[in-house]
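Undergrad: Dropping the sequence and predicted coords here.
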Protein chains: 2
Amino acid sequence: MAKPTPLSGFPEWLPDGRIVEQHVLDTLRHTFELHGFAGIETRAVEPLDQLLRKGETSKEVYLLSRLQEENSQIPDKQLGLHFDLTVPFARYVLENAGKLAFPLRRYQIQKVWRGERPQEGRFREFIQADIDIVGAGELPYHFEVEAPLVMAEALGALSEIGLPPVRILVNNRRVAEGFYRGIGLDDVEGVLRQIDKLDKIGPDRVSELLVTECGATEDQAKACLALASISGSDVGVIAEVRALAESHGAVTELLETGLAELGALIAAASERAPGVVVADLKIARGLDYYTGSVYETVLVGHEQLGSVCSGGRYDTLASDGKNTYPGVGLSIGVSRLVSRLLSAELVEATRSVPSAVLVAVTSEEERAASDAVATALRARDIPVEVAPSAARFGKQIKYADRRGIPFVWFPGSVGDDGAVADQVKDIRSGDQVDADAATWEPPAEDRWPRVIPKG
Amino acid sequence: MAKPTPLSGFPEWLPDGRIVEQHVLDTLRHTFELHGFAGIETRAVEPLDQLLRKGETSKEVYLLSRLQEENSQIPDKQLGLHFDLTVPFARYVLENAGKLAFPLRRYQIQKVWRGERPQEGRFREFIQADIDIVGAGELPYHFEVEAPLVMAEALGALSEIGLPPVRILVNNRRVAEGFYRGIGLDDVEGVLRQIDKLDKIGPDRVSELLVTECGATEDQAKACLALASISGSDVGVIAEVRALAESHGAVTELLETGLAELGALIAAASERAPGVVVADLKIARGLDYYTGSVYETVLVGHEQLGSVCSGGRYDTLASDGKNTYPGVGLSIGVSRLVSRLLSAELVEATRSVPSAVLVAVTSEEERAASDAVATALRARDIPVEVAPSAARFGKQIKYADRRGIPFVWFPGSVGDDGAVADQVKDIRSGDQVDADAATWEPPAEDRWPRVIPKG
């Protein structure tokens, strides 16, 4: 066959890129588990009616059919690939509600698929890493404070490898809705949809749309834009919003509830993750099911990449008629993050294979001796491979060098006194010393490949 | 919406089952990396013409279409979900050949999809864990010895959690082909296909098929069955095959090559994984691309589950006309394994959540104090969650108990001397002691959930 070419929108990494991605995934998982989130996986497919429940995203769904389906008497129920992890999780909660303990803290790290036009940072197949906390019937507000702080910690843990700092932008739907209603605009969803376009089309165009699409007066449109322009990382921002609302005679009970919540989040965040969380009153999140806090996250210095971690509070994640399950959660776009880390050359793996040691082979007849050395080293958790052929040692060293394997081990021959003298060479420095496979240790930083900022 | 029901063939686990699955995946990955295999992931989709290259499996492929495709001017190239990890890996090797170092040792752990009728241990979506070693142009035989031994070690590492012992059954295509040609049967593939049915339909029926389908005489059929009946875990099996071939005047050069290879594998295995690897001359592997060693693996005591780890040597994993890439590899059916571990109640997780500690909340006003304890514990890598509400302590303990969280932490109040006296309770024993969040450690076996044999 001819050389295949990549499929646009379906990213794949070379082995050293995968080491970076795996490190990111391991770090996220570790932080989530430290905070008591239990991992689940859901199947990749959902019935189409489930996937289309929210309406808007229908264009993005990949449908499945079986090649031989026409021969089948009973066609399968129409299935599609999930386009996020929230819809499948909601279904999972309902399906297993009787066997789950609520509030349920779960994380989920899986691929999702969207049949969209691929662009920089926007893929057709990508990994999401979600956390959600879901209650049965009720879910206290403090979880809306906790969830973004867990993500701040998870993303913060990646700064070690060169991830730029993140800024989590938060808003509260109750503030927006209370304000809009207070100034006399009742098409709250419509207004949010226009405000959501601010970064893309600018305030003048949004103002026009508020007038033409949402029936706002010029003054109302101006007030909406004034609200959207407020941001800040301390509780002063709350006073600023209240002052604006007062100047429009628009202080409602809903607004006050929202401001109290937003203020509590900002206060907690300024203590537990100083400088990371910023109240930004223009954050709207297009989707219509959020009912309280909403979150977006930008990489500082890479804002044009868009949000790398978004979410919010929804009063009804799922409902089976009898019970309602409110939730709050955020989702990290892992592929977007990793692809930027790699393409902007922010990080690198210290080598492209796990092996810390290549055991050289003196001759094919003596391969068993090299295998025995490898077994002894692995028994002490040192990753090792044995040279593929008994080529001259220079070629074997080159094999290690090409992969970044730092050490080459030379099994000794039995001397006159019956002693076997093995040697190990650090091929970076050229140092070669006697070594015993039963006791030798590589330096801790060389044992496994590490992911580090690219210098 | 109504309570959803599971989709047949798409397994999902509850959180404690996922802990088991994750442990299996982590253990496999760790063993693969100890042996120097680099992890890669490939996209879930491949062009349909790639997927159908081998012909036979066309009925199993899930095709993709976009819901809005009819509106698109340029329809996408027809894509399907991969049904194994070998076809995508072959494509990945060709696509990236210039950037990869050969021989390439790679592992790959991903979901695959097959539109088959679901049965016990046979799913439509399942996880495979593959290792392969691929050369450019050539691949020495010793890798055919190494690959199954890595899998023996990986599966052996799971015996700790209650996986039954495995038996890896090996054969060599050259032995079979050399023997068949030696007795005058040239339709080697045809014969292998019938021999592959032995376990399902028995020797009498296979004998009939060899006569009617492959043009064998009764005597030739009898000889094929005699070969297939030979098995053993020491090199005596080699002599037995040679004796059978001699008695039919069927000793060919190809047979001798195959026997030398098979003998080397058995000899190495009896030293490095005693009792695990068995030569079984009836192992045929239906697929036609294997050219040397072939492998199947059964769980002892669960043989009717079928093979849980299969593979072999192929002289042409991939070829771009200029270069040919021979390979050898095996694939573990992880979902089949995990589903049996769970359904036969062989294993269990020590709890259903990561948290080792639940920090109680005295009152909502004092939640920040509980959050501070949690932060201090997490800083020393102890997984912790904070109680969802300031309910009476009995209810908070019940919250921990339901999830199997072993410790509940009670933040103290500041005493007259300014000292804060925290206490921690082991809710299994009821023991409650003073504790300091800056220094307290849980017992090592309680820090993270463990997976253990079910008693």
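TA: Cool, got the structure. In this text, all values refer to a predicted model and were calculated from it rather than measured experimentally.
Undergrad: Show the contacting residues for residue A:290.
TA: A:173, A:312, A:313, A:314 (Cβ atoms under 8 Å, 6 or more residues apart in numbering or on different chains). C-beta here means a position set from N, CA and C on the backbone, and glycine is covered the same way.
Undergrad: Can you say which of the residues you listed are buried?
TA: A:173, A:312, A:313, A:314 (16 or more other Cβ atoms under 10 Å in any protein chain shown).
Undergrad: State the three-state secondary structure for the second one.
TA: Reducing the assignment to helix, strand or coil with DSSP: H, G, I helix; E, B strand; the rest coil, the entry for residue A:312 is strand.
Undergrad: Check the gap between it and chain B for me.
TA: 19 Å (Cβ to the nearest Cβ, to the nearest Å).
Undergrad: Quick one: name the residues of the stretch 101-250 of chain A near chain B.
TA: Proximity of the stretch 101-250 of chain A to chain B, by Cβ under 8 Å from any Cβ of the partner chain, involves residues A:101, A:103, A:105-106, A:111, A:113, A:115, A:125, A:135, A:140, A:142-143, A:146.
Undergrad: Please list all residues in contact with residue A:169.
TA: A:231, A:278, A:279, A:280, A:283, A:295, A:296, A:297, A:298.
Undergrad: Strands - which of those land there?
TA: The members of those that map onto strands under DSSP state E are A:231, A:278, A:279, A:280, A:295, A:296, A:297, A:298.
Undergrad: and which of these is nearest to residue A:92?
TA: residue A:295 (22.3 Å; Cβ to Cβ).
Undergrad: partner residues bridging that closest one?
TA: residue A:170, residue A:311 (DSSP bridges).
Undergrad: OK, contacts around it?
TA: Contacts of residue A:295 (Cβ under 8 Å, 6+ apart): A:147, A:148, A:151, A:168, A:169, A:170, A:283, A:309, A:310, A:311, A:312, A:330.
Undergrad: Where does the nearest residue to residue A:218 once chain neighbours are set aside sit, in terms of helix or strand?
TA: Closest residue in space to residue A:218, ignoring its immediate chain neighbours: residue A:211 at 6.7 Å, by Cβ to Cβ, 6 or more residues apart in numbering or on different chains. Applying DSSP states H and E as the criterion places residue A:211 in helix A:198-214.
Undergrad: surely residue A:300 meets residue A:167?
TA: Yes. Taking contacts as Cβ atoms under 8 Å, residue A:300 lies within contact range of residue A:167: 5.8 Å.
Undergrad: Skipping adjacent residues, who's closest to the residue in the stretch 101-250 of chain A that chain B sits nearest to in space?
TA: Nearest residue of the stretch 101-250 of chain A to chain B (Cβ to the nearest Cβ) works out as residue A:115 at 3.9 Å. Once flanking residues are discounted, residue A:115 sits nearest to residue B:66: 3.9 Å by Cβ to Cβ, 6+ apart.
Undergrad: quick one: contacts for the residue in the stretch 1-150 of chain A that chain B sits nearest to?
TA: Of all residues in the stretch 1-150 of chain A, the one sitting closest to chain B is residue A:36 (3.2 Å; Cβ to the nearest Cβ). Going by Cβ under 8 Å, 6+ apart, residue A:36 touches A:105, B:353, B:354, B:355, B:383, B:384, B:385.
Undergrad: Please repeat the previous calculation with a cut-off of 10 Å.
TA: Listed by Cβ atoms under 10 Å, 6 or more residues apart in numbering or on different chains, the contact partners of residue A:36 are A:105, A:107, A:133, A:150, B:353-359, B:374, B:378, B:383-386, B:403, B:405.
Undergrad: all strands of the stretch 1-150 of chain A, in order?
TA: Secondary structure of the stretch 1-150 of chain A (DSSP state E, counting those that start in this stretch): strands at A:38-39, A:45-47, A:62-66, A:79-81, A:104-113, A:125-134.
Undergrad: what would these look like in JSON lines with mean neighbour count and mean pLDDT?
TA: Below are those laid out as JSON lines (neighbours: other Cβ atoms under 10 Å in any protein chain shown; pLDDT from 0 to 100):
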{"stretch": "strand A:38-39", "mean neighbour count": "22", "mean pLDDT": "98"}
{"stretch": "strand A:45-47", "mean neighbour count": "21", "mean pLDDT": "95"}
{"stretch": "strand A:62-66", "mean neighbour count": "22", "mean pLDDT": "89"}
{"stretch": "strand A:79-81", "mean neighbour count": "25", "mean pLDDT": "94"}
{"stretch": "strand A:104-113", "mean neighbour count": "23", "mean pLDDT": "98"}
{"stretch": "strand A:125-134", "mean neighbour count": "24", "mean pLDDT": "98"}
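Undergrad: In TSV, list these along with distance to residue B:160.
TA: TSV is the format used below for the strands of the stretch 1-150 of chain A (distance: least, Cβ to Cβ, whole Å):
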stretch	distance to residue B:160
strand A:38-39	21
strand A:45-47	34
strand A:62-66	38
strand A:79-81	36
strand A:104-113	25
strand A:125-134	29
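Undergrad: Alpha carbons only: can I get the one helix or strand residue A:152 maps to in PDB?
TA: Residue A:152 is part of helix A:142-156, with elements assigned from DSSP H and E. Output of helix A:142-156 as PDB, limited to C-alpha atoms (Å, rounded to 0.1, in the frame of the first residue of the first chain):
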ATOM      1  CA  HIS A 142     -20.200  24.700  48.300                       C
ATOM      2  CA  PHE A 143     -19.600  22.200  45.500                       C
ATOM      3  CA  GLU A 144     -19.700  25.100  43.000                       C
ATOM      4  CA  VAL A 145     -16.800  26.500  44.900                       C
ATOM      5  CA  GLU A 146     -14.900  23.200  45.200                       C
ATOM      6  CA  ALA A 147     -15.100  22.000  41.600                       C
ATOM      7  CA  PRO A 148     -13.200  24.800  39.900                       C
ATOM      8  CA  LEU A 149     -10.600  24.700  42.700                       C
ATOM      9  CA  VAL A 150     -10.000  21.000  42.000                       C
ATOM     10  CA  MET A 151      -9.400  21.900  38.400                       C
ATOM     11  CA  ALA A 152      -7.100  24.800  39.400                       C
ATOM     12  CA  GLU A 153      -5.000  22.300  41.400                       C
ATOM     13  CA  ALA A 154      -5.000  19.700  38.600                       C
ATOM     14  CA  LEU A 155      -3.900  22.200  36.000                       C
ATOM     15  CA  GLY A 156      -1.500  23.900  38.400                       C
END
